[in-house]
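Visitor: this is a predicted model, with the sequence first.
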Amino acid sequence: MLYGYIGKMLFVNLTDKSYEVRELTEDLAKNFLGGYGIGARVLYDEMPANCDAFDEKSMFGIVTGPMNGTNALFGGRYTVVSKSPVTGGWNDANSGGYFSPKLKASGFDAVFVNGISSEPVYIFIDDGKVEIRDAKHLWGLTSIALEEQLEAECGKDIKSAFIGPAGENLSLYAAVMNDGHRAAGRGGTGAVMGSKKLKAIVCRGTHKTPVFDQDKLTEVNRSIIEHMNGEGKWAKESFGTYGTAGIYLGSVLTNDASIKNWSGTAETDYPEEEAFKCSGQAMDPQFKTEKYNCANCPLGCGAIYEVKDGPWPLAHTTRPEYETLGAWGSQMANSNVESIIMCNELCNEYGFDTISMGASVAWAMDCYENGVLSKEELDGIDLSWGNGEAIVEMAYKICRNEGVGKILALGTQKAADKFGKGHEYLVVANGIEEPQHDSRLAFHLARTYQFDPTPGRHVKGQGRRMHEAGKEDDFTLTGYGDMLGVVNTEIQNTSGACSFIGMCTPNENTNFDQINAITGFNYSSGDIIHLGLRIFNMRHAFNVREGFRRADYKLSNRFVKSDPPFSGPIAGVVVDTEMLADNFFNAIGWTSDAVPSEDALRVLGGLDDVKNDIYPQE
């Protein structure tokens with residue numbers, strides 16, 4: 001028996017409406033664990049090199065991890081994988097909620113889809129039975145309305161992963177949504193799903209995920225609860241009360257969050273009293289009606305809001321996450337909290353990544369303020385800093401795919417290309433917009449944003465944070481601390497765990513203990529390092545095969561230089577990205593051109609075909 005897994009993967013071709021069930025082998029599970037580990041292995045094998053993201057042969061997948069479907073605490077996240085229509089390279093994004101255990105209960109660990117349907121369809125997986133159903137009547141529906149209709153057709157006991165109008169219109173930052181307003185948001189996989197005319201994957205079932213040592217898993221769960229009620233109580237009290245919105249004020253004041261499209265400071269452009277209005281501490285007393293948890297989560301960082309007054313009343317909406325607050329708040333010098341909540345609602349209902357959509361509006365603001373884009377080019381909208389009404393109006397334009405909104409739906413890089421100007425105001429990593437954590441404060445983020453196989457993500461490669469603004473410890477700068485950060489997050493993400501597991505558990509081995517208890521693989525500490533680096537190299541191999549080399553991984557200046565001059569925490573900071581890259585490549589066994597060495601691939605194991613592709617045998 002394969003513990004921690006159902007043991008089956010579903011492959012669907014939408015061109016001819018055929019499907020195939022394949023075994024998930026022990027070797028595949030043990031060598032790549034789950035999530036984007038298995039996803040990268042499968043897409044490398046199944047998808048032709050240099051295939052356009054929207055091509056018929058392009059493939060996307062939804063993949064669970066061994067923690068999903070068990071009672072492992074913090075084990076509620078699944079991963080979507082595809083080629084990114086933004087970067088032209090590897091893409092993955094994950095989401096919480098309750099879809100991941102339902103997918104496994106339906107009888108599969110993963111679903112992979114290629115081909116293009118001639119008409120909109122959805123896939124219904126009912127306890128192992130697969131149907132491809134007509135979805136013409138669902139095309140155009142937004143998140144909540146879609147879920148209500150799917151429940152009416154398939155039953156109340158379903159869960160779905162789906163796209164909104166953003167994916168249908170091929171917005172390059174369209175998300176894959178689930179559980180109403182949960183989002184696998186980044187990199188445009190929602191557009192890949194939309195290009196295939198696939199509206200949703202709907203799951204129902206009774207399959208159970210077997211656990212190798214339930215007593216051991218129960219013991220690990222108990223240690224987590226004890227820690228959260230003791231030494232780790234701070235995380236429970238902070239994130240369990242305010243969610244990620246609780247860190248917004250502190251992040252603004254330290255300049256971790258973007259201010260004026262990464263060109264401003266809290267001291268001069270977004271004072272504390274304005275930032276506080278948009279913090280969880282200020283919003284919750286005004287709007288919070290209830291909290292919610294994802295599957296098997298003892299923390300519960302989510303909340304439901306009600307906005308009773310003002311121009312954008314909402315009876316039931318989700319509290320904006322920190323990244324959304326930064327993107328639609330400080331990044332635009334906007335302290336109109338109701339406008340931020342409304343833009344969060346629009347992104348979630350239409351299926352957009354809040355980070356990239358907010359950055360696209362902020363880029364347009366920067367261009368407008370500097371005379372690069374005129375009011376006429378912005379459809380008559382006065383997109384000045386902090387204008388909450390104009391921000392909401394522009395968000396509607398993007399959601400409706402009309403006028404200038406259709407251009408901004410492409411993201412900042414391609415919008416600048418379309419306009420033929422404004423490139424100096426871009427803040428992108430290989431074409432994708434930066435998340436709300438400044439690499440000028442934590443240098444390792446610059447390496448992560450630039451050279452992670454999925455660029456521009458703060459939830460990858462989490463090495464040690466700065467000791468003080470703009471300075472990191474020598475261990476991180478040598479590359480070895482960065483390497484261990486990669487290992488930890490690769491395994492966390494592919495196991496199906498939430499990022500909060502690192503803050504709410506007794507020690508850094510807790511996640512590994514969960515995995516061993518569930519799978520019985522009995523990974524040693526050395527095995528764990530090899531596993532994490534094998535997964536990392538598998539994702540990177542996808543990019544190497546696409547022709548990516550060191551020079552192709554680019555960061556905008558505002559990632560690494562405090563230019564124009566800054567006061568405050570990041571004054572005068574310049575990040576030495578070349579040194580960070582050299583040290584990291586040396587630590588993990590890559591060449592100076594960002595290609596895994598033959599020796600490194602041999603030592604990691606399970607990558608012989610990748611080694612032979614990069615280094616053909618004579």
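Guide: That came through, no problem.

Visitor: got the contact list for residue 241?
Guide: Contacts were defined as C-beta atoms under 8 Å, 6 or more residues apart in numbering; by that measure residue 241 touches 280, 284. The C-beta positions use only the backbone N, C-alpha and C, and glycine is treated the same way.

Visitor: let me fix that: residue 31
Guide: If you count contacts by C-beta under 8 Å, 6+ apart, residue 31 has them with 41, 531, 534, 605, 606.

Visitor: of the residues you listed, select the buried ones using a PyMOL command.
Guide: The following PyMOL line selects those of these that are buried, judged by 16 or more other C-beta atoms under 10 Å:
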select buried, resi 41+531+534+606
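
Visitor: helix or strand: which one has residue 610?
Guide: Secondary-structure element containing residue 610, defined by DSSP states H and E: helix 608-614.

Visitor: run through who's touching that helix.
Guide: Taking C-beta under 8 Å, 6+ apart as the criterion, the residues outside helix 608-614 that touch it are 44, 537, 538, 541, 544, 545, 595, 596, 598, 601, 602.

Visitor: can you redo those as a markdown table with secondary structure?
Guide: Written out in a markdown table, the entries for the contacts of helix 608-614 read as follows (DSSP: H, G, I helix; E, B strand; the rest coil):
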| residue | secondary structure |
| --- | --- |
| 44 | helix |
| 537 | helix |
| 538 | helix |
| 541 | helix |
| 544 | helix |
| 545 | helix |
| 595 | coil |
| 596 | strand |
| 598 | helix |
| 601 | helix |
| 602 | helix |
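
Visitor: and which of these is nearest to residue 350?
Guide: Of all the contacts of helix 608-614, the one with the least separation from residue 350 (C-beta to C-beta) is residue 44, at 32.0 Å.

Visitor: thought that closest one was touching residue 540?
Guide: No - taking contacts as C-beta atoms under 8 Å, residue 44 lies outside contact range of residue 540: 10.5 Å.

Visitor: OK, contacts around the residue nearest the centre of the chain?
Guide: Here the mean C-alpha position of the chain is nearest to the C-alpha of residue 93 (C-alpha atoms, centre = their mean), at a distance of 3.7 Å. Shown in contact with residue 93 (C-beta under 8 Å, 6+ apart): 79, 80, 175, 176, 184, 185, 186, 187, 189, 454.

Visitor: which of those residues fall in helices?
Guide: Judged by DSSP state H, these include residue 189 as members of helices.

Visitor: highest neighbour count among the contacts of residue 93?
Guide: By neighbour count, taken as other C-beta atoms under 10 Å, the most surrounded of the contacts of residue 93 turns out to be residue 175 (36 neighbours).

Visitor: quick one: pLDDT of that residue?
Guide: In the prediction, the pLDDT value recorded for residue 175 is 98.

Visitor: now swap in residue 473 and tell me
Guide: pLDDT, residue 473: 65.

Visitor: next one: the one 10 residues further on
Guide: We have a pLDDT of 91 for residue 483.

Visitor: would it count as being in a helix?
Guide: Yes - with three-state DSSP as the criterion, residue 483 is part of a helix.

Visitor: and it, what does it touch?
Guide: With contacts taken as C-beta under 8 Å, 6+ apart, residue 483 has the following neighbours: 533, 584, 587, 588.

Visitor: could you redo the last one with a cut-off of 6 Å?
Guide: Each residue near residue 483 by C-beta atoms under 6 Å, 6 or more residues apart in numbering is listed here: 587, 588.

Visitor: also residue 500?
Guide: Residue 500 makes contacts with residue 299, as judged by C-beta under 6 Å, 6+ apart.

Visitor: tell me how far it lies from residue 22.
Guide: With the distance defined as C-beta to C-beta, to the nearest Å, residue 500 ends up 33 Å from residue 22.

Visitor: could you find the closest non-adjacent residue to residue 247?
Guide: Beyond its immediate neighbours in the sequence, the residue positioned closest to residue 247 (C-beta to C-beta, 6 or more residues apart in numbering) is residue 322, lying 5.5 Å away.

Visitor: of the contacts of helix 608-614, keep whichever come out buried.
Guide: Buried, going by 16+ other C-beta under 10 Å: 44, 537, 538, 541, 544, 545, 595, 596, 601, out of these.

Visitor: of those, which pair is most distant in space?
Guide: 44 and 595 (15.3 Å).

Visitor: number of nearby residues for residue 25?
Guide: Residue 25: 13 surrounding residues under other C-beta under 10 Å.

Visitor: do the same with residue 134
Guide: The number of residues packed near residue 134 is 12, by other C-beta under 10 Å.

Visitor: ok, so of the contacts of residue 31, who is nearest residue 143?
Guide: Closest approach to residue 143 among the contacts of residue 31 (C-beta to C-beta): residue 41, at 31.0 Å.

Visitor: A helix includes that closest one, no?
Guide: Yes - with three-state DSSP as the criterion, residue 41 is part of a helix.

Visitor: what's the pLDDT at residue 99?
Guide: For residue 99, pLDDT reads 98.

Visitor: got the contact list for the closest residue to it other than its chain neighbours?
Guide: Distance criterion C-beta to C-beta, 6+ apart; nearest residue to residue 99, sequence neighbours excluded, is residue 178 at 4.1 Å. Listed by C-beta under 6 Å, 6+ apart, the contact set of residue 178 reads 95, 97, 99, 161.

Visitor: tell me which two of the residues you listed sit farthest apart.
Guide: Using C-beta to C-beta, the two most remote members of the contacts of residue 178 are 97 and 161, lying 9.3 Å apart.

Visitor: residue 391 sits in which helix or strand?
Guide: Per DSSP H and E, residue 391 falls inside helix 388-399.

Visitor: neighbours of the closest residue to residue 339 other than its chain neighbours, just the number please.
Guide: The shortest distance from residue 339 to any residue that is not its chain neighbour, by C-beta to C-beta, 6+ apart, is 3.4 Å, and that residue is residue 388. If you count neighbours by other C-beta under 10 Å, residue 388 ends up with 22.

Visitor: show me what contacts residue 388?
Guide: Taking C-beta under 6 Å, 6+ apart as the definition of contact, the neighbours of residue 388 are 334, 336, 339.

Visitor: can you pull the pLDDT of the second one?
Guide: Read that as residue 336. 98.

Visitor: which of the three states applies to residue 616?
Guide: For residue 616, the reduced secondary structure class is coil; criterion used: three-state DSSP.

Visitor: per-residue confidence for it?
Guide: With respect to pLDDT, residue 616 has a value of 92.

Visitor: show me what the nearest residue to residue 187 once chain neighbours are set aside is bridged to.
Guide: In this structure, residue 187 finds its nearest non-sequential neighbour in residue 91, 3.7 Å apart by C-beta to C-beta, 6+ apart. With DSSP bridges applied, residue 91 shows beta-bridge pairing to residue 82.

Visitor: report the separation between residue 91 and residue 193.
Guide: Using C-beta to C-beta, residue 91 is found at 12 Å from residue 193.

Visitor: same check on residue 525?
Guide: 38 Å.

Visitor: who has more neighbours, those two?
Guide: Remark: of residue 525 and residue 193, residue 193 carries more neighbours, 27 against 8, as counted by other C-beta under 10 Å.
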